[in-house]
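J.: I would like the atomic coordinates for the input below:
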Amino acid sequence: MVSAINEIPVQNLAIVFIPAIPVLIILYKWRMGVNKSLYALSRMLVQLLAIGYVLSYLFESQKLVLVLSALVVMIVAATWISLNPLKERTRPLYMASFLAILIGGTLTLITVTQGVLTISPWYSPRQMIPLAGMIFANAMTAISLSSERLSSELKQHSDYVVARSTAFNASLIPTLNSLFAVGLVSLPGMMTGQILSGVTPLIAVKYQIVVMVMIFSSAGLSTAIFLHLSRKHFEALSEG
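T.: Below you'll find the model as predicted:
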C-alpha cells in the first residue's frame, strides 16, 4: 500500500482532457454552444490552479486573520450565487441567504471541527477551509433550490405553508440521493481521495460518514433559516 498519493506530472494532467474533446466536437457539430463549454473548462482550470496557490499560502501561514477572511469570502460568494435562479433579488433576500449560510454553516462547521475532529489549533486552515468549502457550498445549493422552487410554487398561487414545505423537500433531494447512493453507487470524493493516498477503507468510511451527515445538516439548517427569514419577501411576491 502506498503511503502518499502520487504526484501528477503536467503532461499526464493534460491527458485527462482527451475524453472531453469528443464532447466538444459533438457540441460544435450539433450547434449547442461549444464556446460555453470551452469557457467553463478554461475557467475551471484557471480557478483551480489559482486556488491551489492560495491554499498553499494559507496552509503555510497558519494566521487566524487570513483563515477568517477566507471563510467570510466563501460565505459572501455562496450568498451571491445562491440567489442566481431568482429574477428579483433584493437586499433583504441577500441578507436572509447570508445569515442562513452563516448560522447554519458555521454551527455545522464548529460541531465537526471542534466536536468530532478536535483540530488544533481550532482555526487550522488545512482542515477548516476544505470542510467549510463543502459545508457552505451545500448550504448554497440547498438555498438556491429552495428559493427557485418556492418562487415557482407561489406563482401558481399555492398556499405559502404548502409551498414552503415543497421547497424545503426539493432543497434536500440532491443530499438525500447522495445518502441513498453512497457505498452502493458512488464512492465520494473524500473517501476516494483518502483511499488513493493510502488510508485504510475503514478509516476513510468514518470520515465520509462525518462528511455526509455534515452536508445533510448544513443544507437542512441553512434552508430552514433562509425560508424563515425570507417569508415576508416571498409572501409579498405572491400577493403582487
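
J.: After the longest helix along the chain, heading C-terminal, what element do we hit next?
T.: Longest helix in the chain, counting residues (DSSP state H): helix 125-155. As assigned by DSSP states H and E, the chain's next helix or strand after helix 125-155 is helix 160-171.

J.: so what's the residue nearest the centre of the chain scoring on pLDDT?
T.: Compute the mean C-alpha point of the chain, and by CA atoms, centre = their mean the closest residue is A137, 2.0 Å away. Here, the pLDDT recorded for A137 equals 94.

J.: What helices and strands are in contact with the worst-scoring helix or strand of the chain on mean pLDDT?
T.: Within the chain, no helix or strand scores below helix 189-196, which has a mean of 71 by mean pLDDT, DSSP states H and E. Using 3 or more CB pairs under 8 Å, 6 or more residues apart in numbering; DSSP states H and E as the contact test, the elements touching helix 189-196 are helix 201-229. Any C-beta I mention is one placed from the backbone N, CA and C, and that applies to glycine too.

J.: Could you give the separation of the helix it packs on from the chain centroid?
T.: Put simply, helix 201-229 sits 11 Å off its chain's centre (CA atoms, centre = their mean, to the nearest Å).

J.: With stretch 10-19 instead?
T.: Averaging C-alpha positions (CA atoms, centre = their mean) puts stretch 10-19 26 Å from its chain's average.

J.: So for the longest helix of the chain, what gets flagged as buried?
T.: 125, 127-129, 131-151, 153-154 (16 or more other CB atoms under 10 Å).

J.: before we move on, back to that, can you tell me how far the closest residue to the residue nearest to the centre of the chain other than its chain neighbours is from A132?
T.: Distances taken as CB to CB, 6 or more residues apart in numbering place A78 nearest to A137, at 6.7 Å, with adjacent residues excluded. Going from A78 to A132 by CB to CB, to the nearest Å gives 10 Å.

J.: Walk me through the domains of this structure.
T.: Split into domains by automatic domain parsing, the chain comes to 1-61, 63-239.

J.: Go through these and pick out the most buried.
T.: Of all those, domain 63-239 has the most neighbours on average by mean count of other CB atoms under 10 Å, namely a mean of 18.

J.: Tell me the gap between that one and the middle of its chain.
T.: 6 Å.

J.: just for the protein, where's the confidence low?
T.: For the chain, the stretches with pLDDT under 70 are 1-6, 185-190, 237-240.

J.: ok, 80 please
T.: Applying pLDDT under 80 to the chain picks out residues 1-8, 88, 157-158, 182-199, 235-240.

J.: Is the residue nearest to the centre of the chain in contact with T79, as I believe?
T.: No: between A137 and T79 there is no contact, the gap being 12.0 Å when judged by CB atoms under 8 Å.

J.: Common neighbours of those two, please.
T.: With contacts defined as CB atoms under 8 Å, 6 or more residues apart in numbering, no residue is shared by A137 and T79.

J.: Could you double-check that M134 sits in contact with I215?
T.: Yes: under the criterion of CB under 8 Å, M134 makes contact with I215 at 6.6 Å.

J.: re the thing from before, quick one, the least confident helix or strand of the chain and helix 125-155 angle?
T.: Orientation of helix 189-196 against helix 125-155 (axes from the mean of the first three to the mean of the last three CA atoms, to 10 degrees) gives an angle of 150 degrees.
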